[in-house]
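>>> Dropping a prediction and its sequence here:
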Amino acid sequence: MLLVENISSGYGQSRVVNEVSINIQPGEIVVIIGPNGCGKSTLLKTIFGLIEPYSGKIILNGEDITGSKPYDLVGKGMGFVPQINNVFPGLTVMENLEIGGYLYKKHDFREIFRIFPVLLEKKKEKAHNLSGGERQMLAMARALMTQPRLLLLDEPSAGLSPKMVEVMMNKINEIVRRDLCSVLLIEQNAKSALGIADRGYIMVMGKKVFEGGPHEILDHKEIGRLYLGRKDAKN
């Protein structure tokens, strides 16, 4: 579904992502983890066309989309939920969802409300009145209204309580298992994200340093010590 080949990108003369290659298959949840400032968000923004790459290729469903703009990518089946400023706070829940479905004349909210019943309960509420977790659910739901086949999520659990992190991960898993789309996820809550992921990548200082299944990553002693907070992991 998505093939990223040797992508390098950054801001002006500041290179942040260095020759990173990743892929995601239909029906997968793929997570990218790593320390703050390692280039995870920059990579995601590059894939979605918010940052133009210095070099490399991005292939979506067999089509070279390198350098494409976000509005073109939405039409090609890609959605993106940034970490912050991801809803219209002065609009109601329903108005946010309707804006998300602007590409389509007919709006079908049934699947959205099956996954996020709290949004049905609060459909007339202004988004700024929602809790942090509810706003993140609304952001994901609004992105799903564009009917993506691939959804990019930038740290959806940021700032949430441990209980709400678990809820959020379950919602992401449900989205994929209902065959709505595949998900490429970057997260600081590495253990929670790996709990629902099919595969994962580790990024450090702008480079991909490891890839594998969730258990390979969780059981890797050096990765556990450096990035997952495992005090028992030794060289």
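Perfect, thanks for sending it.
>>> pull the longest helix from this protein.
Longest helix in the chain by number of residues (criterion: DSSP state H): helix 162-177.
>>> Following the chain onward from it, which element is next?
With elements assigned by DSSP states H and E, the helix or strand that comes after helix 162-177 is strand 182-186.
>>> That next one: what's the following helix or strand?
Following strand 182-186 in sequence, per DSSP H and E, is helix 190-194.
>>> Could you give me the buried positions within the next helix or strand after that following helix?
Sequence-wise, the next helix or strand downstream of helix 190-194 (DSSP H and E) is strand 199-204. For strand 199-204, burial by neighbour count (16 or more other C-beta atoms under 10 Å) applies to Arg199, Gly200, Tyr201, Ile202, Met203. Heads up, the C-betas are built off the backbone N, CA and C, glycines and all.
>>> And the pLDDT for the third one?
In other words, Tyr201. At Tyr201, the pLDDT value in this model is 96.
>>> Now for it: which residues touch it?
Ile22, Val30, Val31, Ile32, Ile33, Lys208, Phe210, Glu211 (C-beta atoms under 8 Å, 6 or more residues apart in numbering).
>>> Show me the shaky parts of the protein.
Where the chain drops to pLDDT under 70, the residues are 105-106, 224, 226-235.
>>> hey, where'd the helices end up in it?
40-47, 70-75, 93-100, 110-115, 117-121, 132-144, 162-177, 190-194, 214-219, 221-227.
>>> So for Arg15, which of these sits nearest?
Judged by C-beta to C-beta, the one of the helices of the chain that comes nearest to Arg15 is helix 40-47, at 9.7 Å.
>>> From Val81, how far off is the nearest residue to Phe109 once chain neighbours are set aside?
The shortest distance from Phe109 to any residue other than its chain neighbours is 6.5 Å, reached at Leu97 (C-beta to C-beta, 6 or more residues apart in numbering). Look at Leu97 and Val81: by C-beta to C-beta, to the nearest Å, they are 14 Å apart.
>>> cool, and Ser55?
27 Å.
>>> Please say which of these two ends up with more neighbours.
Between Ser55 and Val81, counting by other C-beta atoms under 10 Å, Val81 is the more crowded of the two (22 against 12).
>>> Now do the contacts for the more buried one.
Val81 neighbours (C-beta under 8 Å, 6+ apart): Ala139, Met140, Ala143, Leu151, Leu152, Leu153, Asp154, Pro156.
>>> That one pairs with what?
Leu153 (DSSP bridges).
>>> That one and Glu211, how far apart?
In terms of C-beta to C-beta, Val81 sits 23 Å off from Glu211.
>>> One more: Pro53?
Pro53 is 20 Å from Glu211, by C-beta to C-beta.
>>> Compare neighbour counts for the two and give me the winner.
Pro53 (20 against 16).
>>> Please verify my assumption that that one contacts Gly10.
No. Using C-beta atoms under 8 Å, Pro53 is not in contact with Gly10, being 9.1 Å away.
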